[in-house]
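**Q** sequence and predicted model, in that order:
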Amino acid sequence: MIIDTHCHLDDDRYNEDLDEVIKRAKDAGVERFVVPGADPDTLERAVKLAEDYKEIYFAVGVHPYDAQNYNRAFLEKYITHPKCVAVGECGLDYYRLPKDEKEKEAEKKLQKEIFIDQIDLANSYNKPLIVHIRDASLDSKELLKEYAKVGGVLHCYNANEGLLEMAERGFYFGIGGVLTFKNAKKLVQVYPKIPLDKLVVETDAPYLTPHPYRGKRNEPAYCRLVLEKMSQLSNIDINEMENIVLQNSLKLFSL
């Protein structure tokens, strides 16, 4: 069994064929799905999906791009739901910062404040974190080391070697379609340094579709393609690799 530890099944791109998407996933051995919270506007849909489908779980969180819409009370409304397994995705993303220095610093400050509050939320309810990091590895690591009392997963691990030390603090590394990209040389190089007991698989569907379907809508069935690449790079039989990743996923989210 495979668990897609990060897929946005609440995205509008699945409105017409979600049942077929789930069937294709199951045919590929993917039997459980974690839908992270990213945008407050879609959280209620994620909750409803978790209530309608026994295979779907969700997390409460706000992506750094939506930091201005953060509402802790709204997240706390759902965090004790029996199918809420984590807090996130939350974190820091400096990729699209404003060019104006004053605006840039204000945006960084806001993202950090919202990230810290979501870390506190995870600490308060003893839930793991789903962490999004883009062009902000150092700041993210410092905040996690200072504030996080829980572990979690570094979603779409960005191959920054400095983040590997987070494994000792209970953090897992989410590996997705990027590993199969021809230009992912850095991730391919760093991947073997990740402890086996800290690897989980994800798609980030509908984004980051693995080769050979890159450019098309991603879906959880493609976890199998990522797992095949992980098996190859780890020099471990695919069935054993699947079991390692499964046990890690079950432990991470207490499933």
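**A** Sure thing, it's come through.

**Q** find the residue closest to the residue sitting nearest the centre point of the chain in space, skipping its chain neighbours.
**A** Geometric centre of the chain, nearest residue: residue 155, 3.6 Å, by C-alpha atoms, centre = their mean. Of all residues not flanking residue 155 in the chain, residue 174 sits nearest, at 4.5 Å (C-beta to C-beta, 6 or more residues apart in numbering). Any C-beta I mention is one placed from the backbone N, CA and C, and that applies to glycine too.

**Q** residue 131 belongs to a strand, doesn't it?
**A** Yes: counting by DSSP: H, G, I helix; E, B strand; the rest coil, residue 131 falls inside a strand.

**Q** residue contacts, it?
**A** 88-91, 140, 144, 152-155, 171 (C-beta atoms under 8 Å, 6 or more residues apart in numbering).

**Q** report the buried residues of the longest helix along the chain.
**A** The single longest helix within the chain, with elements called by DSSP state H, is helix 101-125. Within helix 101-125, the residues scored as buried using 16 or more other C-beta atoms under 10 Å are 107-108, 111-112, 114-119, 121-122, 125.

**Q** could you dump these to TSV with pLDDT and distance to residue 54?
**A** Listed next are the buried residues of helix 101-125 as TSV, based on pLDDT from 0 to 100; distance: C-beta to C-beta, whole Å:
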residue	pLDDT	distance to residue 54
107	95	40
108	96	41
111	97	35
112	98	37
114	97	32
115	98	32
116	98	34
117	98	32
118	98	27
119	98	30
121	98	26
122	98	25
125	98	23
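
**Q** and of those, the nearest to residue 201?
**A** For the buried residues of helix 101-125, the residue nearest residue 201 by C-beta to C-beta is residue 122; the value is 21.9 Å.

**Q** that older thread, now the buried members of the contacts of residue 131.
**A** The neighbour-count criterion (16+ other C-beta under 10 Å) marks 88-91, 140, 144, 152-155, 171 among the contacts of residue 131 as buried.

**Q** tell me the contacts of the residue lying closest to residue 194 once chain neighbours are set aside?
**A** Leaving aside its sequence neighbours, residue 194 sits nearest to residue 173 (C-beta to C-beta, 6+ apart; 5.0 Å). Taking C-beta under 8 Å, 6+ apart, we find residue 173 in contact with 153-154, 157, 167, 194, 198-200.

**Q** and the strands in this protein?
**A** Using DSSP state E, the strands of the chain run over residues 2-4, 30-35, 56-60, 84-93, 129-134, 152-155, 171-175, 199-201.

**Q** need those in CSV with mean pLDDT, can you?
**A** Shown next, in CSV, are the strands of the chain (pLDDT from 0 to 100):
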stretch, mean pLDDT
strand 2-4, 98
strand 30-35, 98
strand 56-60, 98
strand 84-93, 97
strand 129-134, 97
strand 152-155, 98
strand 171-175, 98
strand 199-201, 98
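
**Q** and residue 254, which of these is closest to it?
**A** strand 84-93 (7.0 Å).

**Q** strands paired with that closest one, and their directions?
**A** strand 56-60 (parallel), strand 129-134 (parallel) (DSSP bridges).

**Q** wait, which of these is closest to residue 46?
**A** Here strand 56-60 is closest among the strands paired with strand 84-93 (C-beta to C-beta), at 4.3 Å.

**Q** does residue 250 touch residue 2 like I think?
**A** No: at 11.4 Å, residue 250 and residue 2 do not qualify as touching, with contact defined as C-beta atoms under 8 Å.

**Q** tell me which of the two has more neighbours.
**A** For the pair residue 250 and residue 2, the greater number of neighbours falls to residue 2 (23 against 14), based on other C-beta atoms under 10 Å.

**Q** wait, doesn't residue 154 sit right on residue 166?
**A** Yes: in this structure residue 154 lies within contact range of residue 166 using C-beta under 8 Å: 6.5 Å.
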